[in-house]
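Enquirer: 3D, please:
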Amino acid sequence: MRGLRRFRRWCGARRRGQFALTVGMVTMLTGTCGALLVAPNWVLPKNRADQLGSAQHVATDDPRLTAVRGIMEPFGELTALRVATGDGPESLVVGHSGQRAEMAVLAAELAPATASITELWGTGWARSALVVVASNASEFAALLRSGSLLAREVAAASVADPFTHGTTPTGQRVVFSPDAGRRLSPDGLRTVLRHELTHIATRADTVDGAPQWMLEGFAEYAAQRAQRLPFAEIAPTLTARLRTGDVPADLPADSAFTGSDAAAAYEQAWSACAFLAETYGEPRLVQLYRRLAAGAQTPDTEDRILREVLHTSRPDFVRAWRGRLSAH
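Expert: The predicted structure is shown next:
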């Protein structure tokens, strides 16, 4: 089994000054994507715990809980909610009594999030998810099957069992940290859930070494597409730079998704995917994702794939994208 090999970080503004930083990794055998919080605290209304929509209590002997039961039960009695997600299998939201408010928000979001991602990506994924809210850092680290360093850094992550490209991933789940509900607004929780569900939906088609601008830009596009927020709210760092005439010279390199400037890289990646969808349509964006995510790419191979899918060269695409950014 391969361990965690590489992390990608992003940070971006959300409504009312909320900020999130995402750390992600995708390999041929295993994958993780998460969000580190650097935001002011948000307190979920206590009555949200009773606003469960279509979610219902389920017996905690549900077989889908086998993978997490042994990890979570030492930290307290499990609370599990069953959520209908359209014509697909039901999803589960699992936590402890102290996480009822966060569980309520996530349970209410699962059906519309699943429908939105399916509308974009297609039906070729489970359309069902196991979403877990951890009660403390130790439980979070164990659910992520990662070291304590990652658990201290991220607010949410999607994980899967080791798998070979071309097979169906198993053991997938989205795990939220114990701090997520205090540090993210309800809108922030919903957006992060959609981002992570997109990684779950696309993981079977994603190979280690695929360009980060497409992987993370697509996930963030999927998370944001239904909200229709202004450009400046989704990409505040990029907007501030554009206002000074600082237009990116190229699509962000993989190395740009780590370090202090990761915010700009993630926002540029989102903007590139949003531009693709607006200019060529979402089906072409999905087609391009499937091609680029199939393996490691170079500028030359990206150019070939862009010509085949979009009938434009990489330099021409970058030039058009930069022109759109300048217009903002």
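
Enquirer: What is the neighbour count of residue 324?
Expert: Number of residues near residue 324 (other C-beta atoms under 10 Å) recorded here: 15. Bear in mind the C-beta positions are built from the backbone N, C-alpha and C, glycine included.

Enquirer: where's it relative to residue 272, distance?
Expert: Remark: distance between residue 324 and residue 272 (C-beta to C-beta, to the nearest Å) = 9 Å.

Enquirer: Next, show the common contact partners of these two.
Expert: Common neighbours of residue 324 and residue 272 (criterion: C-beta atoms under 8 Å, 6 or more residues apart in numbering): none identified.

Enquirer: Can you list the residue ranges for helices in the stretch 151-300 of the chain?
Expert: With helices called from DSSP state H, counting those that start in this stretch, the stretch 151-300 of the chain shows them at 180-183, 186-202, 212-224, 231-234, 236-243, 262-280, 282-292, 299-310.

Enquirer: again with the stretch 1-150 of the chain
Expert: Applying DSSP H, counting those that start in this stretch to the stretch 1-150 of the chain gives helices spanning 66-72, 100-121, 137-144, 148-153.

Enquirer: Mind checking the ones you listed for the one nearest to residue 318?
Expert: Minimum separation from residue 318 across the helices of the stretch 1-150 of the chain (C-beta to C-beta) falls at helix 100-121, 23.5 Å.

Enquirer: Just the C-alphas of stretch 83-103, formatted as PDB.
Expert: Output of stretch 83-103 as PDB, limited to C-alpha atoms (Å, rounded to 0.1, in the frame of the first residue of the first chain):
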ATOM      1  CA  VAL A  83     -30.400  10.500   3.700                       C
ATOM      2  CA  ALA A  84     -32.300   9.800   0.500                       C
ATOM      3  CA  THR A  85     -30.200  11.000  -2.500                       C
ATOM      4  CA  GLY A  86     -32.600  10.700  -5.400                       C
ATOM      5  CA  ASP A  87     -32.700   7.400  -7.300                       C
ATOM      6  CA  GLY A  88     -29.300   6.300  -5.900                       C
ATOM      7  CA  PRO A  89     -28.500   4.400  -2.700                       C
ATOM      8  CA  GLU A  90     -29.100   6.300   0.500                       C
ATOM      9  CA  SER A  91     -26.300   8.100   2.100                       C
ATOM     10  CA  LEU A  92     -25.300   8.100   5.700                       C
ATOM     11  CA  VAL A  93     -24.200  10.900   8.000                       C
ATOM     12  CA  VAL A  94     -22.500   9.600  11.200                       C
ATOM     13  CA  GLY A  95     -21.200  11.300  14.300                       C
ATOM     14  CA  HIS A  96     -21.700  11.600  18.000                       C
ATOM     15  CA  SER A  97     -24.300  13.600  20.000                       C
ATOM     16  CA  GLY A  98     -22.000  16.600  20.200                       C
ATOM     17  CA  GLN A  99     -21.900  16.900  16.400                       C
ATOM     18  CA  ARG A 100     -25.700  17.000  15.800                       C
ATOM     19  CA  ALA A 101     -25.700  20.500  14.500                       C
ATOM     20  CA  GLU A 102     -23.100  19.900  11.900                       C
ATOM     21  CA  MET A 103     -24.700  16.600  11.000                       C
END
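
Enquirer: buried stuff in it?
Expert: 83-85, 88, 90-96, 98-103 (16 or more other C-beta atoms under 10 Å).

Enquirer: which stretches of this structure have low pLDDT?
Expert: 1-61, 88, 147-153 (pLDDT under 70).

Enquirer: per-domain residue ranges of it.
Expert: Listed by automatic domain parsing, the domain ranges of the chain are 8-205, 212-327.

Enquirer: picking up where we left off before, so which of the helices of the stretch 151-300 of the chain is nearest residue 114?
Expert: Closest approach to residue 114 among the helices of the stretch 151-300 of the chain is made by helix 186-202 (6.9 Å; C-beta to C-beta).

Enquirer: For the closest one, which helices and strands make contact with it?
Expert: With contacts taken as 3 or more C-beta pairs under 8 Å, 6 or more residues apart in numbering; DSSP states H and E, helix 186-202 sits against strand 19-26, strand 31-37, helix 100-121, strand 156-159, strand 173-176, helix 180-183, helix 212-224.

Enquirer: With distance to residue 250 as added columns, please give these in TSV.
Expert: Output for those, formatted as TSV (distance: least, C-beta to C-beta, whole Å):
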stretch	distance to residue 250
strand 19-26	21
strand 31-37	24
helix 100-121	26
strand 156-159	28
strand 173-176	32
helix 180-183	33
helix 212-224	10
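
Enquirer: Out of these, which gets nearest to residue 195?
Expert: helix 212-224 (4.1 Å).

Enquirer: And residue 201, how far from residue 326?
Expert: As judged by C-beta to C-beta, residue 201 and residue 326 stand 33 Å apart.

Enquirer: Which one of those two is surrounded by more residues?
Expert: For residue 201 versus residue 326, neighbours defined as other C-beta under 10 Å are more numerous around residue 201 (25 against 10).
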